[in-house]
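J.: No sequence on hand, only this structure:
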């Protein structure tokens, strides 16, 4: 009989990925990408760009800059959750995140985060 205590890694139970509805999947990806935080970042960047004197404000450049800020922030949020997935499972505040609950595939999240970050 083995009386050795199990480590936290040995106690982790893998729950297989189950298909979800489109609405639920969209909601999970919004949580993963922290869409509310990203919107605040894009809004604050937009406010900063609007403070530029009008002769120096180039609208297409500003729009592409805002899109880039949003994509990079969303990709960084996904990468953060991917790298800290095992820590998130143990913390009460972060245990409800999509990756911590195995609602999303790690491979899909890694691919999405890579695309958003390097786009």
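T.: Ah, there it is. Treat the numbers as computed from the prediction; the structure is a model and nothing was measured. Numbering: from 1, shown residues only.
J.: Report the next helix or strand after the helix-or-strand element of the chain with minimal mean pLDDT in sequence order.
T.: Of all helical and strand segments in the chain, the minimum by mean pLDDT, DSSP states H and E falls on helix 8-11, at a mean of 54. The helix or strand immediately downstream of helix 8-11 is helix 22-32, counting by DSSP states H and E.
J.: Quick one: name whatever helix or strand follows that next one.
T.: Taking DSSP H and E, what comes next after helix 22-32 is helix 35-50.
J.: Show me what that next one is packed up against.
T.: helix 59-83 (3 or more CB pairs under 8 Å, 6 or more residues apart in numbering; DSSP states H and E). To be clear about C-beta, it is placed using only N, CA and C from the backbone, and glycine gets the same treatment.
J.: Find the nearest non-adjacent residue to the residue positioned nearest the centre of the chain, please.
T.: Geometric centre of the chain, nearest residue: residue 78, 2.6 Å, by CA atoms, centre = their mean. Nearest residue to residue 78 in three dimensions, chain neighbours excluded: residue 113, at 3.7 Å (CB to CB, 6 or more residues apart in numbering).
J.: which residues touch the one you found?
T.: 75-76, 78-79, 82 (CB atoms under 8 Å, 6 or more residues apart in numbering).
J.: any idea which of those is closest to residue 119?
T.: Nearest to residue 119 among those is residue 75, at 7.9 Å by CB to CB.
J.: From residue 104, how far off is residue 26?
T.: 12 Å (CB to CB, to the nearest Å).
J.: number of nearby residues for residue 40?
T.: 12 (other CB atoms under 10 Å).
J.: and what of residue 105?
T.: So residue 105, with other CB under 10 Å, has 13 neighbours.
J.: Likewise for residue 85?
T.: 18.
J.: where's it relative to residue 107, distance?
T.: 12 Å.
J.: I'd like to know how far the closest residue to residue 34 other than its chain neighbours sits from residue 93.
T.: Leaving aside its sequence neighbours, residue 34 sits nearest to residue 77 (CB to CB, 6+ apart; 4.1 Å). Using CB to CB, we find residue 77 at a distance of 16 Å from residue 93.
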